[in-house]
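Visitor: one predicted model, sequence on top.
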Amino acid sequence: MSKNSISSLTLPQLSETLAAAGFPAFRAKQVYGWLHQKRVAAFSDMTNLPKSMQAWLEENYTIDTVSVARKQVSKDGTVKYLFRLADGNCIESVLMFYEYGATICISTQVGCRMGCRFCASTQAGRVRNLTAGEICAEIYAAQADTETRISHIVLMGIGEPLDNYEQVMNFLQIITSAEGLCIGMRNISLSTCGLVPMIDRLAQEKLQLTLSVSLHAPNDPLRSSMMPVNDSYPVKTLIAACRRYQKTTGRRISFEYSMVKGVNDAPQHADELAALIKGMGAHVNLIPINPVDGSPYTATDARNVQRFQKLLEERGVNATIRRRLGTDISAACGQLRREEMREQEKN
Ligand code: SAH
């Protein structure tokens, strides 16, 4: 029987599990503290537990950890990690330093099955979901390596967070818990390619996080040509779900719009986009596409990105051009992992 990940359990779940096994109630907080505050990698390091309990934990559970397989540091200070998981699979995280604090961009799956045509992470499909404990471990490892306190999290690395719903919800509960890293939910952004039923489910959780929707195109033919998910959940259906989400949670949505030269960057697209999201008070993040191998897309030049932003602003839509960090270190998510996979294929 394979062992379960103990670091993926929320404190209530851990309490229930330990109580069911006959341990006194106060043990749950102790174990949780070892896992998420002191971040030990072995049950034998949990020195205030009886040896018999350490042995029981060892027999039934694992603690998820990641190790640094590769690390790149950009001139602007951005750090990109290729983390290796216990089963040998690799994922990526990126640590960025902004005035408001250190922000980590983390992965939620090994690979991705959404198939966006411009994205390196999805080229080889999805291998498996990450556990909540592995997602936490990305943050713990980056924090230990750089000795900085991470204050902001974006779920924008490899994978589709809403395609790994339960583990991502557990992760959010753990990382925001007072007995864990205690990061404010408002300092967390979750990015989705637009899985409508999952957006509705997330709305019911009424979390204070920022939902970021990867829109990238204002109409169906264009969006379907870039993102296969649009065939299942077309633009109007998606925007309706976003409006419901805002109503239920009281939180504004932000839209990601990666700009591709000659594809989605014409003035008419700015018009269409503005009409589509009018009155939502939403925010649009513009970013020139990061060209990846095997993709036909090239980036819109800076002048046209600015023109697009101005057109949106004139139509009453808030838009910012994302500062690109770490452009000198194969920045687009999924690229390091692809390189590593190619090297392994060679050997
Ligand atoms: N699956 C989620 C989160 C991971 S992708 C989602 O789709 O939102 C994070 C963001 O990076 C998304 O907005 C995605 O569309 C964008 N992205 C992926 N590859 C990119 C590339 N090569 N250039 C620019 N943006 C890219």
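Guide: On my side now, so go ahead. No experiment lies behind these values; they were computed from the predicted model shown.
Visitor: tell me what the lowest-mean-pLDDT helix or strand in the chain is packed against?
Guide: None of the helices or strands of the chain scores lower by mean pLDDT, DSSP states H and E than helix 335-346, at a mean of 73. With contacts taken as 3 or more Cβ pairs under 8 Å, 6 or more residues apart in numbering; DSSP states H and E, helix 335-346 sits against strand 67-73, strand 79-84, strand 90-98. Quick note: C-beta positions are derived from backbone N, CA and C, even for glycine.
Visitor: who touches the second one?
Guide: Strand 79-84 is contacted by residues 66-74, 90-95, 137-138, 141-142, 145-146, 326, 329-331, 336-337, 340 when judged by Cβ atoms under 8 Å, 6 or more residues apart in numbering.
Visitor: with just CA atoms, put that strand into CSV.
Guide: Extracted as CSV, the C-alpha positions of strand 79-84 are listed here (Å, rounded to 0.1, in the frame of the first residue of the first chain):
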residue,chain,number,x,y,z
VAL,A,79,15.4,33.2,-9.1
LYS,A,80,14.1,30.2,-11.1
TYR,A,81,14.0,26.8,-9.6
LEU,A,82,13.7,23.4,-11.2
PHE,A,83,12.5,21.2,-8.3
ARG,A,84,12.7,17.5,-8.3
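Visitor: re earlier: any of the contacts of strand 79-84 buried? List them.
Guide: Buried subset of the contacts of strand 79-84 (neighbour count, 16 or more other Cβ atoms under 10 Å): 66, 69, 71-72, 74, 90-95, 137-138, 141-142, 146, 326, 329-331, 336-337, 340.
Visitor: and the contacts of the helix or strand encompassing Arg128?
Guide: Using DSSP states H and E, Arg128 falls within strand 126-129. The contact list for strand 126-129, computed with Cβ under 8 Å, 6+ apart, reads Asn89, Thr108, Gln109, Val110, Gly111, Cys112, Arg113, Gly159, Asp163, Asn164, Gln167.
Visitor: ok, now with 7 Å
Guide: Outside of strand 126-129, the residues within contact range by Cβ atoms under 7 Å, 6 or more residues apart in numbering are Asn89, Gln109, Val110, Gly111, Cys112, Arg113, Asn164, Gln167.
Visitor: buried members of the residues you listed into ChimeraX, please.
Guide: Per 16+ other Cβ under 10 Å, the buried members of these correspond to this ChimeraX selection:
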select :89,109,110,111,112,164,167
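Visitor: and which of the contacts of strand 126-129 is nearest the ligand?
Guide: Cys112 (6.2 Å; Cβ to the nearest ligand atom).
Visitor: could you find the closest non-adjacent residue to that closest one?
Guide: Thr122 (4.2 Å; Cβ to Cβ, 6 or more residues apart in numbering).
Visitor: and that neighbour, what pLDDT?
Guide: With respect to pLDDT, Thr122 scores 94.
Visitor: please list the residues of the chain that sit near the ligand.
Guide: 114, 116, 118-119, 156, 160, 191-193, 214, 256, 258, 287, 289-290, 292, 332-333 (Cβ under 6 Å from any ligand atom).
Visitor: in strands only, show me the residues you listed.
Guide: Ser191, Thr192, Ser214, Glu256, Ser258, Ile287 (DSSP state E).
Visitor: pLDDT of stretch 307-314, averaged?
Guide: pLDDT averaged over stretch 307-314 gives 98.
Visitor: my bad, should have said stretch 253-269
Guide: 98.
Visitor: same question, stretch 188-197
Guide: Per-residue scores along stretch 188-197 average to 98.
Visitor: so what would you say the end-to-end distance of that stretch is?
Guide: Using Cα to Cα, to the nearest Å, the end-to-end distance of stretch 188-197 comes to 21 Å.
Visitor: just the helices from the stretch 201-347 of the chain, written as ranges.
Guide: 220-226, 229-232, 235-249, 267-277, 302-314, 335-346 (DSSP state H, counting those that start in this stretch).
Visitor: need the CA coordinates for the third one. PDB is fine.
Guide: What follows is the C-alpha trace of helix 235-249 in PDB, where atoms were taken according to Å, rounded to 0.1, in the frame of the first residue of the first chain:
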ATOM      1  CA  VAL A 235     -16.000  33.400 -24.200                       C
ATOM      2  CA  LYS A 236     -19.500  34.600 -23.300                       C
ATOM      3  CA  THR A 237     -20.000  31.600 -21.000                       C
ATOM      4  CA  LEU A 238     -16.700  32.300 -19.300                       C
ATOM      5  CA  ILE A 239     -17.400  36.000 -18.800                       C
ATOM      6  CA  ALA A 240     -20.800  35.200 -17.400                       C
ATOM      7  CA  ALA A 241     -19.100  32.900 -14.900                       C
ATOM      8  CA  CYS A 242     -16.600  35.700 -14.000                       C
ATOM      9  CA  ARG A 243     -19.500  38.100 -13.400                       C
ATOM     10  CA  ARG A 244     -21.200  35.500 -11.100                       C
ATOM     11  CA  TYR A 245     -17.900  35.000  -9.300                       C
ATOM     12  CA  GLN A 246     -17.600  38.700  -8.700                       C
ATOM     13  CA  LYS A 247     -21.100  38.900  -7.400                       C
ATOM     14  CA  THR A 248     -20.700  36.000  -5.000                       C
ATOM     15  CA  THR A 249     -17.300  36.800  -3.600                       C
END
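Visitor: that concludes my questions; thank you for your assistance.
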